[in-house]
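Chemist: below is the sequence, then the predicted model.
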Amino acid sequence: MSSSPDVSTLSYEDARDELVRVVAELEQGASTLEQSLALWERGEALAGRCEEWLLGAKKRLEAARVAQAESAEDE
């Protein structure tokens, strides 16, 4: 897992795609407990990164709605 990019630099799509791969690998069963734990930790970090992106998108949408509502009130 050391060759994997830093989770904080991943786009939503990259984090999501890697998370799908990690889950598939976990479902197949890693060869050692240590590998399974490393995959689990990577998956948790990737899921957190996806959640960050989604929460950021939600905030941006809410800000756009507020701005639109304020603009409509000014008209």
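Modeler: The structure has been received and is ready for your questions. Residues are numbered from 1 along each chain as shown.
Chemist: tell me the pLDDT at the residue most central in space within the chain?
Modeler: Nearest residue to the geometric centre of the chain (Cα atoms, centre = their mean): residue 50, 1.4 Å. In this model, residue 50 is scored at 98, pLDDT.
Chemist: what strand or helix carries it?
Modeler: Residue 50 is part of helix 33-74 when elements are defined by DSSP states H and E.
Chemist: packing partners for that helix?
Modeler: helix 12-28 (3 or more Cβ pairs under 8 Å, 6 or more residues apart in numbering; DSSP states H and E). Just so you know, the C-beta spots here come from the backbone N, C-alpha and C atoms, and that holds for glycine as well.
Chemist: show me how far the helix holding residue 50 is from its chain's centre.
Modeler: On the basis of Cα atoms, centre = their mean, to the nearest Å, helix 33-74 sits 7 Å off its chain's mean C-alpha point.
Chemist: now stretch 63-75
Modeler: Distance of stretch 63-75 from its chain centroid, counting by Cα atoms, centre = their mean, is 30 Å.
Chemist: check stretch 23-35 too.
Modeler: Chain-centre distance of stretch 23-35: 20 Å, with Cα atoms, centre = their mean.
Chemist: pLDDT below threshold where in this protein?
Modeler: Counting by pLDDT under 70, the low-confidence segments of the chain come to 1-2.
Chemist: any idea how far residue 71 is from residue 3?
Modeler: Residue 3 is 48 Å from residue 71, where distance means Cβ to Cβ, to the nearest Å.
Chemist: make that residue 61, sorry
Modeler: As judged by Cβ to Cβ, residue 61 and residue 71 stand 15 Å apart.
Chemist: name the SS class of residue 3, please.
Modeler: coil (DSSP: H, G, I helix; E, B strand; the rest coil).
Chemist: now it: how far from residue 42?
Modeler: To residue 42, residue 3 is 12 Å away according to Cβ to Cβ.
Chemist: how about residue 21?
Modeler: Separation of residue 21 from residue 42 (Cβ to Cβ) stands at 10 Å.
Chemist: comparing the two, which residue is more hemmed in?
Modeler: residue 42 (19 against 13; other Cβ atoms under 10 Å).
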